[in-house]
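Undergrad: Any chance you could fold what I've pasted below:
(2 chains)
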Amino acid sequence: NAGVTQTPKFQVLKTGQSMTLQCAQDMNHNSMYWYRQDPGMGLRLIYYSASEGTTDKGEVPNGYNVSRLNKREFSLRLESAAPSQTSVYFCASSRTGRVGSNEQFFGPGTRLTVL
Amino acid sequence: QKEVEQNSGPLSVPEGAIASLNCTYSDRVSQSFFWYRQYSGKSPELIMSIYSNGDKEDGRFTAQLNKASQYVSLLIRDSQPSDSATYLCAVDQGGKLIFGQGTELSVKP
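TA: Below you'll find the model as predicted:
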């Protein structure tokens, strides 16, 4: 099992460009999450999907959109990238969001630079 | 007040010693607590989860939870240089995890 995979690993964008970060998991998990990690700010939740067909905003959703394509895949889209979106992006998944089955497992991350 | 607080460190311990990492949280209804290890340039890796008051041991790692004091800790016994990393505390809040900023641990040979 590959666990949680993310593509691309690295990306450089110019301000105003758009891109989609891809995430897939092969653990048959119901819940998936997108985080960003910035120095001094820790991990912050952007969006999450508690189950297939649902998505909800996290702490820092502005400037992002998500799509839960199916049970395996959860993508994050930047419509018009800004330098403030330079960060490391992590996707994670868990069996559910309920106590006892909410351990989250992380992908390797995407390092995004917006110039 | 931050929802999940950790000392940022760095915490430096000699090889073979016990490393003690601490975390406090503000949401009294939280029921799930996690410790992640993150090596520089890598993704967070789950090392412990704890749901009930008391201690939970897994190898050299012991997680301790005190819900009344809103406090969770991680003890690493017989610390090794390979334990040098940032340790993230995470607390469940309604199906989402809130992370502390992490404590950097350095184990000196």
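
Undergrad: A:Lys71: what's it in contact with?
TA: A:28-30, A:52 (CB atoms under 8 Å, 6 or more residues apart in numbering or on different chains). All C-beta spots, glycine's among them, are computed from the backbone N, C-alpha and C.

Undergrad: What is the nearest of those to chain B?
TA: If you rank those by distance to chain B using CB to the nearest CB, A:Asn30 comes first, at 10.9 Å.

Undergrad: thinking again about what came up before, now which of the contacts of A:Lys71 would you call buried?
TA: Buried members of these, counted by 16 or more other CB atoms under 10 Å in any protein chain shown: A:29-30.

Undergrad: Name the residue most distant from the centre of chain A?
TA: A:Gly100 (22.5 Å; CA atoms, centre = their mean).

Undergrad: Give the closest residue to that residue in space, chain neighbours not counted.
TA: Among residues not flanking A:Gly100 along the chain, B:Tyr51 sits closest, at 6.6 Å (CB to CB, 6 or more residues apart in numbering or on different chains).

Undergrad: show me what contacts the one you found?
TA: Counting by CB under 8 Å, 6+ apart, B:Tyr51 touches A:99-100, B:31-33, B:65.

Undergrad: Give me the buried entries from these.
TA: Neighbour counting with 16+ other CB under 10 Å marks B:32-33, B:65 as buried within the contacts of B:Tyr51.

Undergrad: Over in chain B, which residue gets nearest chain A? Let me know.
TA: At 3.1 Å from chain A, B:Gly95 is the closest residue in chain B, using CB to the nearest CB.

Undergrad: which residues sit in contact with that residue?
TA: By CB under 8 Å, 6+ apart, the residues touching B:Gly95 are A:31, A:48, A:50, A:97-98, A:102.

Undergrad: Quick check: closest non-adjacent residue to A:Cys23.
TA: Nearest non-adjacent residue to A:Cys23 (CB to CB, 6+ apart): A:Cys91, at 3.4 Å.

Undergrad: What segments of chain A are strands?
TA: Assigned by DSSP state E, the strands in chain A fall at A:4-7, A:10-13, A:19-25, A:31-38, A:42-49, A:56-57, A:64-68, A:74-78, A:87-94, A:105-106, A:110-114.

Undergrad: what's the neighbour count on residue 107?
TA: In the absence of a named chain, chain A is used. Neighbour count for A:Gly107, taken as other CB atoms under 10 Å in any protein chain shown: 24.

Undergrad: if you could check chain B rather than the one you did, that'd help
TA: Counted with other CB under 10 Å, B:Val107 comes out at 20.

Undergrad: Likewise for A:Met19?
TA: Applying other CB under 10 Å, we find 15 residues neighbouring A:Met19.

Undergrad: now the one 3 residues further on
TA: A:Gln22 has 16 neighbouring residues, counting by other CB under 10 Å.

Undergrad: which residues does it contact?
TA: Contacts for A:Gln22 were tallied using CB under 8 Å, 6+ apart; they are A:6-7, A:73, A:75.

Undergrad: Separate out the buried members of these.
TA: Buried, going by 16+ other CB under 10 Å: A:6, A:73, A:75, out of these.
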